[in-house]
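**Student:** this one's sequence-less:
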DNA sequence: ACCACTAAATGAATGCTATTCATTTATGAG
DNA sequence: CTCATAAATGAATAGCATTCATTTAGTGGT
């Protein structure tokens, strides 16, 4: 049994179970909660996850503190540590919840190219609103994240069915994932990120290139780069199929 | 003149000028330093950058605190704020220093494909040892980072010379960069990151794919994915050239 | 029906963190 | 000679994750 946030078979994060509202704390007659609580307390992992997500939506990742989370759940901060080992565990719970939102349904229904397109876009869109999780995912053993593992299973099955040689499946997925994570950051970048400012004369080639892209007047420049890279990866990796 | 860490033409981070050791604080007769100091004090941006890098090497990014940095530089923590607006500024100085270490020399000397290969590898290698900077770079306006801007200039000049249409240069670079940043994280991941653990039976396809890759016995699996993705991007993006 | 056990809560305390501010002082400019 | 200022100090602040001794309320066993 893994030490970390979730026992493998547990239903703590069942599918898209965000809908399960966190159980509210039963109050005593005077309205104040009493210390000491029996088996089956107010908190559980699903409630903590839902609370964290709610906090992130309203206040962003800066607003996600153990104290704020405890207050939202109407509980003392220390109570959280009966259910998670650390704040990192909370982030892990959130990450695994989000993984279930990534759309892998096209694998098996549509041609490989189109399935990858839909999966990659969905993956990027979900995590572009949660970039602070990316450093966490990157070194997260999948054992601790059942929904994430489920996503990998669906994707790798799609790759196999498309004719990828067994030993290249994981590497191909990792390559795509790396591109997706990097691209998720781009979405959050300020629009003028490439403005050379006062160094424009010193960097004529780059300045011209930036200007030329700007003149195209794309709504979201990050989307252009994403499409470009994604199509390149799809056709390049697709060539590996037997 | 930009408000942020570096005036454009300043020599505070001249090229690979890490070698310039931070000036030590002159001590008074009794060995204690006195409060109050005139124009041209102990600290400057180059010294802060060098100190931060030294700290990162020895203690990692967790060890990089304003207090530790001040102690290393033999100065009170508050003194740093005369030269830097925030800790983020320190990270920015470090980032820009590292950008100068990325090898762009192949652009103009070698064919485009090979130049991109060398640049991308170098870029990934440098930042795989500094992944905590990646979230910083991602939203960093280049105006504040002259060395980073210099790198972009060299790369975009290489792309133009290779025949890329003006308006696709930036997007192509961004796509490659996204992949590079994501891949930098992979390098730091634990070797058993994809071990499905107790969920192995539930994820047969992924488990088989992971096992098959493991049997190949590659030293660093992250390198395989990086090469795969990089070659795909090079051939895919290369097709854009006119 | 009792009793012991234990999961799950409390709240106070700890040690870090970045950052701010009033104060001091050495220096170079006029 | 004076004086404005850059650049230092150190004390104070607010917020952070985390730990710990303590309390309590149910549950299973006898």
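**Tutor:** Cool, the structure landed. Quick caveat: nothing in here was measured; it's all calculated off a predicted structure.

**Student:** can I see the domain layout of chain A?
**Tutor:** Taking automatic domain parsing as the reference, chain A has its domains at A:17-97, A:101-238.

**Student:** looking at those domains, which has the lowest confidence?
**Tutor:** Here the domains of chain A differ in mean pLDDT, and the lowest is domain A:17-97 at a mean of 81.

**Student:** what's the spacing between that one and its chain's center?
**Tutor:** Distance of domain A:17-97 from the chain centroid (Cα atoms, centre = their mean, to the nearest Å) equals 20 Å.

**Student:** hang on, the earlier thing: figure out which of the domains of chain A is closest to residue B:160.
**Tutor:** Residue B:160 sits nearest to domain A:101-238 of all the domains of chain A, at 5.7 Å, using Cβ to Cβ. Just so you know, the C-beta spots here come from the backbone N, C-alpha and C atoms, and that holds for glycine as well.

**Student:** Can you get me the start-to-end distance on that closest one?
**Tutor:** Start and end residues of domain A:101-238 are separated by 25 Å (Cα to Cα, to the nearest Å).

**Student:** Now the nearest residue to residue A:56 once chain neighbours are set aside. Its backbone dihedrals?
**Tutor:** Excluding the flanking residues, the one nearest residue A:56 by Cβ to Cβ, 6 or more residues apart in numbering or on different chains is residue A:64, at 5.5 Å. Per-residue torsions, residue A:64: phi -80, psi 90 (degrees, to the nearest 10).

**Student:** circling back to that earlier point, let me know which of the domains of chain A is the nearest to residue B:172.
**Tutor:** That would be domain A:101-238 among the domains of chain A, by Cβ to Cβ, at 6.3 Å.

**Student:** Check whether that closest one comes near DNA strand D.
**Tutor:** No: using Cβ under 7 Å from any atom of the strand, domain A:101-238 stays clear of DNA strand D, coming no nearer than 11.9 Å.

**Student:** Next, name the residue at the spatial heart of chain A.
**Tutor:** The centroid of chain A falls nearest to residue A:127 when counting by Cα atoms, centre = their mean (4.1 Å).

**Student:** Within the helices and strands, which one has that residue?
**Tutor:** helix A:112-128 (DSSP states H and E).

**Student:** Residue A:148 now?
**Tutor:** helix A:146-161.

**Student:** buried sites along that helix?
**Tutor:** Across helix A:146-161, burial judged by 16 or more other Cβ atoms under 10 Å in any protein chain shown covers A:146-160.

**Student:** my guess is residue A:130 contacts residue A:98, does it?
**Tutor:** Yes: in this structure, residue A:130 is within contact of residue A:98 by Cβ atoms under 8 Å, at 6.1 Å.

**Student:** who's more crowded, those two?
**Tutor:** Neighbours were counted for residue A:130 and for residue A:98 using other Cβ atoms under 10 Å in any protein chain shown; residue A:98 has more, 21 against 18.

**Student:** So the helix or strand hosting that one, near chain B or not?
**Tutor:** Using DSSP H and E, residue A:98 maps to helix A:87-99. No: using Cβ under 8 Å from any Cβ of the partner chain, we find that helix A:87-99 stays clear of chain B, coming within 12.2 Å at best.

**Student:** quick revisit: how far out from the middle of the chain is the helix holding residue A:127?
**Tutor:** Its chain's average C-alpha position is 12 Å from that of helix A:112-128, according to Cα atoms, centre = their mean.

**Student:** Which elements pack onto that helix?
**Tutor:** helix A:146-161, helix A:166-188, helix A:221-238 (3 or more Cβ pairs under 8 Å, 6 or more residues apart in numbering or on different chains; DSSP states H and E).

**Student:** Just say which of those helices is most tucked in.
**Tutor:** Most buried of the helices and strands packed on helix A:112-128 by mean neighbour count (mean count of other Cβ atoms under 10 Å in any protein chain shown) is helix A:166-188; its value is a mean of 24.

**Student:** That one: what's the following helix or strand?
**Tutor:** Next element after helix A:166-188 (DSSP H and E): helix A:204-216.

**Student:** relative to helix B:146-161, how tilted is that next one?
**Tutor:** Helix A:204-216 runs at 80 degrees relative to helix B:146-161, counting by axes from the mean of the first three to the mean of the last three Cα atoms, to 10 degrees.

**Student:** And the contacts of helix A:204-216?
**Tutor:** A:194-196, A:200, A:221, A:224, B:149, B:152-153, B:156-157, B:159-160, B:166-171 (Cβ atoms under 8 Å, 6 or more residues apart in numbering or on different chains).

**Student:** Pull the residues that contact the helix holding residue A:98.
**Tutor:** Here helix A:87-99 has contacts from A:4-6, A:12-13, A:18, A:45, A:48-49, A:52-53, A:56, A:64, A:66, A:69, A:80, A:84, A:126-127, A:130, A:132-133, A:136-137, A:140, A:144-148, A:150-151, using Cβ under 8 Å, 6+ apart.

**Student:** now stretch A:156-170
**Tutor:** Applying Cβ under 8 Å, 6+ apart, the external contacts of stretch A:156-170 come out as A:104, A:107-108, A:112, A:115-116, A:172-173, A:240-242, B:194, B:205-206, B:208-210, B:212-213, B:215-216, B:221, B:225, B:228.

**Student:** Of these, keep whichever come out buried.
**Tutor:** The buried subset of the contacts of stretch A:156-170 - by 16+ other Cβ under 10 Å - is A:104, A:107, A:112, A:115-116, A:172-173, A:240, B:194, B:205-206, B:208-210, B:213, B:221, B:225, B:228.

**Student:** Excluding residues flanking it in the chain, which one is nearest residue A:137?
**Tutor:** Closest residue to residue A:137 apart from its sequence neighbours, by Cβ to Cβ, 6+ apart: residue A:95 at 5.6 Å.

**Student:** For the nearest residue to residue A:231 once chain neighbours are set aside, which residues are in contact?
**Tutor:** Sequence neighbours aside, residue B:236 is the residue nearest to residue A:231 in space, at 6.5 Å (criterion: Cβ to Cβ, 6+ apart). Applying Cβ under 8 Å, 6+ apart to residue B:236 gives the contacts A:229, A:231-233, A:235-236.

**Student:** hmm, back to that, so how far is residue B:132 from the residue nearest to residue A:56?
**Tutor:** From residue A:64 across to residue B:132, the span is 18 Å (Cβ to Cβ, to the nearest Å).

**Student:** Residue A:148 too?
**Tutor:** 22 Å.

**Student:** can you check residue A:66 too?
**Tutor:** To residue B:132, residue A:66 is 21 Å away according to Cβ to Cβ.

**Student:** host element of residue A:240?
**Tutor:** Going by DSSP H and E, residue A:240 is not in any helix or strand.

**Student:** Provide the backbone phi and psi angles at it.
**Tutor:** Here is the backbone geometry of residue A:240 (degrees, to the nearest 10): phi -80, psi -20.

**Student:** Wait, it touches residue A:172, no?
**Tutor:** Yes: at 6.7 Å, residue A:240 counts as touching residue A:172 under the criterion of Cβ under 8 Å.

**Student:** Residues in contact with both of these two, list them for me.
**Tutor:** Overlap of the contact sets of residue A:240 and residue A:172 (by Cβ under 8 Å, 6+ apart) consists of A:164, B:228.

**Student:** re earlier: quick one: the helix holding residue A:148 to helix A:87-99, angle?
**Tutor:** For helix A:146-161 against helix A:87-99, the angle by the same axes, to 10 degrees is 40 degrees.
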